[in-house]
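Colleague: Please find the sequence and the predicted model below.
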Amino acid sequence: MNIPTDLSADHGLTYKRQGKGFPLVLLHGYLGGAALWDEQLATFSKKFDVIVPELAGYGGNTKQQSSESIEGHAQQVLAFLSHIGVDRFHLVGHSMGGMIAQEMASQAPDRIDRLVCYGTGPQGVMPDRFETLETSRQRVRTEGLPATAKRIAATWFAKGAKAKGYPICVQLGRDVSLETALAGLTAMERWDGRGSLADIKRPTLVIWGDGDQSYGWPQPEALWRGIKGSHLGVLPGCGHNAHMEQPEIFNAIVENFLPENV
């Protein structure tokens, strides 16, 4: 299948941008890309200036070296946003992108107005993941990216490979290099944000699909309980990519949390 190529490139990253208003940044996760946020881009751009960067090594940046640390990804996204003139913004991070969002909140707390941590947790080594990160590392080396993309993407949906969003997830995952796939696993494995949760002072919303095979309940619960005053939204019958399975519900929850006028 063909992935839409309506991407801009600036300061080392490709991205999509649409709408007017207060900036809203959407961060994708492991083996992802900007195209996974297309439904949210269309909806949120009616009220916000929506910016969807692609992490180094992913999407339109597959030839770029990917960072082996969550901190490195966070620094690069912050530098990119500064370069395009975005100083303060709402931030939504999904999966590994949620780890990066937490790190951004730690590195530059004054730049973030509201934070949404979605399908993610504060612990890079995910104890309830469908398989360990080391198993994923071994299997991507022995089975290759095409097989890995198909296998992992199927775990992201309640309907597995029959889900509407499954094909584009597979294509984005197939397109990354072996080095990027391994770097992402290393970045998650090395990162632990549990000690920084109490330092996150921005209004925060935690979203989780109750069928998530990557992050079991203890992970979003740790965010919800660890970030003072945070809110929780649980999408029933959804997997890891709940925003693609139930976009209307996901979008409504996020829009209700984010103020237009800041």
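Modeller: On my side now, so go ahead.
Colleague: these two touch, right, residue 129 and residue 218?
Modeller: No: the pair residue 129 / residue 218 is not scored as a contact, 11.7 Å apart, by Cβ atoms under 8 Å. Just so you know, the C-beta spots here come from the backbone N, C-alpha and C atoms, and that holds for glycine as well.
Colleague: which residues touch stretch 145-152?
Modeller: 31, 136, 139-140, 143, 161, 169-174, 176-178, 181 (Cβ atoms under 8 Å, 6 or more residues apart in numbering).
Colleague: Among the residues you listed, which lie within helices?
Modeller: Among these, the ones falling in helices (DSSP state H) are 136, 139, 140, 143, 169, 170, 171, 172, 173, 174, 178, 181.
Colleague: Filter the residues you listed down to the buried ones.
Modeller: Neighbour counting by 16 or more other Cβ atoms under 10 Å classes 136, 140, 169, 170, 171, 172, 173, 174, 181 among the ones in helices among the contacts of stretch 145-152 as buried.
Colleague: Not counting residues beside it along the chain, what's closest to the first one?
Modeller: Translated: residue 136. residue 185 (5.8 Å; Cβ to Cβ, 6 or more residues apart in numbering).
Colleague: Residue 45: what's it in contact with?
Modeller: Contacts for residue 45 (Cβ under 8 Å, 6+ apart) come out as 18, 19.
Colleague: what about it, distance to residue 222?
Modeller: 32 Å (Cβ to Cβ, to the nearest Å).
Colleague: ok, which stretches of the stretch 101-250 of the chain are helices?
Modeller: Counting by DSSP state H, counting those that start in this stretch, the stretch 101-250 of the chain has helices at residues 133-143, 145-154, 166-175, 178-190, 218-226, 242-245, 247-257.
Colleague: Which other helices and strands does the helix or strand harbouring residue 90 contact?
Modeller: Using DSSP states H and E, residue 90 maps to strand 89-94. For strand 89-94, the contact count by 3 or more Cβ pairs under 8 Å, 6 or more residues apart in numbering; DSSP states H and E identifies strand 23-27, helix 96-107, strand 112-118 as packing neighbours.
Colleague: I would like the residues contacting the shortest one, please.
Modeller: This points to strand 23-27. Here strand 23-27 has contacts from 37, 40-41, 44, 48-53, 55, 77, 81, 86, 88-94, 97-98, 100-101, 258, using Cβ under 8 Å, 6+ apart.
Colleague: ok, of those residues, which come out buried?
Modeller: By 16+ other Cβ under 10 Å, the contacts of strand 23-27 give 37, 40-41, 44, 48-53, 55, 77, 81, 86, 89-94, 97-98, 100-101, 258 as buried.
Colleague: Any stretches of the chain with poor pLDDT?
Modeller: Within the chain, the stretches with pLDDT under 70 are 1-5, 10-11.
Colleague: picking that back up, could you dump the helices and strands packed on strand 89-94 into JSON lines and include distance to residue 154?
Modeller: Formatted as JSON lines, the helices and strands packed on strand 89-94 follow (distance: least, Cβ to Cβ, whole Å):
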{"stretch": "strand 23-27", "distance to residue 154": "23"}
{"stretch": "helix 96-107", "distance to residue 154": "18"}
{"stretch": "strand 112-118", "distance to residue 154": "20"}
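Colleague: Thanks a lot, see you next time.
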